[in-house]
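Chemist: below are the sequence and a predicted model; questions follow.
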Amino acid sequence: MQTEIIISGFGGQGVLFAGQLLSYAALEKDLHVTWYPSYGPEMRGGTAHCTVIISDDEIGSPVIRNPNAAIVMNLPSLDKYEPLLKTDGVLIINASLIDREPEREDLRIVLVPANDIAEELGDKRLANLVMLGALINQLDVLSIEDVGVSLDRHIPKHHRDLLEGNLNALERGAALAMAEKLTT
């Protein structure tokens, strides 16, 4: 099993953190992992993405051409990564910021109003974990519990007060993706 994932959006949306968290959770399950971040020159507002590869065997390269899954937090990310996904791949779309329908019909697509859910939860910074929860629900690689345990172990001390909100965001994203899975 090898799962290749792209997480992409604007700087400041937490895409690198979401990828790091996914990587930590996989490492703690004794899986092989690569996490490869990339971001533009702006700290906030520029483009950012990361690739995560999770495998039960050694990984030959951190480079991904056709990922199994993608989280896209904004329209430029959808435009760039939708065409690259493997057939039957998973595409998690931030429906709060992306107003166009996906073009491909050979993907499992989950529309997540991540920013809206994050605001309901009381912190707009939670959108990334809402999206991550939806992705985890669609893949048979890790569980929400695995990622929650990893979050508890790796959240920086100065952000411990955000732990409960992050766990709630993961759960909300997973629940939304589960409900969508049951209706399709």
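Modeler: On my side now, so go ahead.

Chemist: quick one: buried residues of stretch 81-88?
Modeler: Neighbour counts over stretch 81-88 (16 or more other C-beta atoms under 10 Å) mark Tyr81, Glu82, Leu85 as buried. Heads up, the C-betas are built off the backbone N, CA and C, glycines and all.

Chemist: just name the closest of those residues to Ile54, please.
Modeler: Leu85 (16.3 Å; C-beta to C-beta).

Chemist: just confirm the closest one contacts Arg108, I think it does.
Modeler: No: between Leu85 and Arg108 there is no contact under C-beta atoms under 8 Å: 9.7 Å.

Chemist: what touches both of these two?
Modeler: Here Leu85 and Arg108 have Leu91 as joint contacts, going by C-beta atoms under 8 Å, 6 or more residues apart in numbering.

Chemist: which residues of the protein fall in helices?
Modeler: 15-28, 75-81, 114-120, 127-138, 144-154, 163-183 (DSSP state H).

Chemist: what's the pLDDT at Cys154?
Modeler: Let me fix one detail, which is that residue 154 is His and not Cys. Looking at His154, its pLDDT is 87.

Chemist: cool, and Gly45?
Modeler: With respect to pLDDT, Gly45 has a value of 59.

Chemist: with Gly40 instead?
Modeler: Per the predicted model, pLDDT is 67 at Gly40.
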